[in-house]
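everything below, folded, please.
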Amino acid sequence: MKLGIIVGSLRRESFSRKIAENTVKLLPSGITAEYIDIELPMYNQDLDDGGIPPQSWTDFRTKIKSCGAYLFVTPEYNRTIPPVIKNALDIGSRPFGQNAWGGGKKGAVISVSPGAIGGFGANHALRQAVVFLDITMLQQPEMYIGGVAKLLDENGAANAPTEAFLQKFADRFAEFIGV
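Modelled structure (predicted):
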């Protein structure tokens, strides 16, 4: 099973990427994780309508089509998802009728925040969008990781309780996607 990892932060020291990396290492064999770059030009339907989409859009669509499932790991910006994730969702779902995300694939979301709420708003905003794209989302365990800066060491490794929480999620997600 090829798992597409979508990290919603472009920061070099992204907490979201560190949590993604900690989670991926806990997944069972049989899952091949591919981090998919979402640093893409903003979506403009005129480029699709004119038959001249940027090559980065075409490459992105091909990559997400090749995945059997998706793991989204996102920070929260202003109680919602970062614009890079929304843009990636839009690019992958267009042009109309050619949704590269679709086909009943499965996915999950982990939201990450230095604050106490753990990205609750981003988690639910992302769920709202991906359900429309025909991605069936894992419901439990819900993954809101608050206070993330205190859960990782200087090398980005999760502390023992966080790793146990991520392991519970990784096991359940693997079961959910059929691995």
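
any chance you could map the strands in this protein?
With strands called from DSSP state E, the chain shows them at 2-7, 32-35, 69-75, 106-112, 136-137, 143-145.

so for residue 158, which of those strands sits nearest?
Closest approach to residue 158 among those is made by strand 143-145 (9.3 Å; Cβ to Cβ). Quick note: C-beta positions are derived from backbone N, CA and C, even for glycine.

quick one on the thing from earlier: any chance of the strands of the chain in a markdown table, plus distance to residue 90 and mean neighbour count?
Shown next, in a markdown table, are the strands of the chain (distance: least, Cβ to Cβ, whole Å; neighbours: other Cβ atoms under 10 Å):
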| stretch | distance to residue 90 | mean neighbour count |
| --- | --- | --- |
| strand 2-7 | 13 | 22 |
| strand 32-35 | 20 | 14 |
| strand 69-75 | 14 | 26 |
| strand 106-112 | 16 | 26 |
| strand 136-137 | 18 | 15 |
| strand 143-145 | 24 | 23 |
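
export these to CSV and tack on mean pLDDT and distance to residue 57?
CSV is the format used below for these (pLDDT from 0 to 100; distance: least, Cβ to Cβ, whole Å):
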stretch, mean pLDDT, distance to residue 57
strand 2-7, 98, 15
strand 32-35, 98, 18
strand 69-75, 98, 17
strand 106-112, 98, 20
strand 136-137, 97, 24
strand 143-145, 97, 29
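
quick one: residues contacting the most centrally placed residue in the chain.
Centrality entry for the chain: nearest residue to the mean C-alpha point is residue 72, 1.4 Å, by Cα atoms, centre = their mean. By Cβ atoms under 8 Å, 6 or more residues apart in numbering, the contact set of residue 72 is 6, 8, 85, 107, 108, 109, 110, 126, 130.
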